[in-house]
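K.L.:
sequence and predicted structure below; questions after.
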Amino acid sequence: MTITYTYWISTALLSALYLSSAALYLSKSDFVEKAQADLGYRAAHLVPFMIVVKILGPLAILTRLSLPLSDLAYAGIFYHLILSGMAHLGVRSVKGAMPAAIGLILLATSFATQNHVRDVPSPYAFEAAAHQ
């Protein structure tokens, strides 16, 4: 039962992190563009794409309508969090890298416990044979 709670809490918090980030991107686009410029990125055209990704990634994990899509969402979020954290550390902003570090912990916890909770186990997660 503890593993079930661990999975759902970590997944809900990871989803909340991503959905709140998407809301920030939607509501404060000038702030987001300035923050990206401070990190050395001048790609304002990526903001709409990132909004879509930050909404669809957690939805793919939460709904798990397709196991391969859910696993792809986990991988995409993993790479996004790594790159985000490294971008902030690259400009020596440890405080800016904290959401990415927290997100990585939540992602790893969610990914590692998913097979104990979901009916169809992911072949990539730990304990893939738990339901077999």
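P.N.:
Sure, I can see it. Numbers count the residues shown, from 1 in each chain.
K.L.:
the residue lying closest to L46 once chain neighbours are set aside: which element?
P.N.:
Once flanking residues are discounted, L46 sits nearest to Q36: 7.9 Å by Cβ to Cβ, 6 or more residues apart in numbering. To be clear about C-beta, it is placed using only N, CA and C from the backbone, and glycine gets the same treatment. Assigned by DSSP states H and E, Q36 belongs to helix 29-38.
K.L.:
dump the C-alpha coordinates for the next helix or strand after that helix into CSV.
P.N.:
Counting by DSSP H and E, the next helix or strand C-terminal to helix 29-38 is helix 46-63. Output of helix 46-63 as CSV, limited to C-alpha atoms (Å, rounded to 0.1, in the frame of the first residue of the first chain):
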residue,chain,number,x,y,z
LEU,A,46,9.9,27.3,-28.6
VAL,A,47,7.6,28.7,-25.9
PRO,A,48,4.3,27.5,-27.5
PHE,A,49,5.9,24.1,-28.2
MET,A,50,7.0,23.8,-24.6
ILE,A,51,3.5,24.6,-23.3
VAL,A,52,2.1,21.7,-25.3
VAL,A,53,4.8,19.4,-24.2
LYS,A,54,4.5,20.4,-20.5
ILE,A,55,0.7,19.6,-20.7
LEU,A,56,0.8,16.4,-22.8
GLY,A,57,3.8,14.7,-21.0
PRO,A,58,2.0,14.5,-17.6
LEU,A,59,-1.3,13.6,-19.3
ALA,A,60,0.4,10.7,-21.0
ILE,A,61,1.8,9.4,-17.7
LEU,A,62,-1.4,10.0,-15.7
THR,A,63,-3.9,8.5,-18.2
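K.L.:
so in this structure, which helix runs the longest?
P.N.:
Secondary structure of the chain per DSSP state H: the longest helix is helix 2-27.
K.L.:
against which helices or strands is the helix or strand of the chain with the lowest mean pLDDT packed?
P.N.:
Least confident helix or strand of the chain, by mean pLDDT, DSSP states H and E, is helix 29-38 with a mean of 85. Packing partners of helix 29-38 (3 or more Cβ pairs under 8 Å, 6 or more residues apart in numbering; DSSP states H and E): helix 2-27, helix 46-63.
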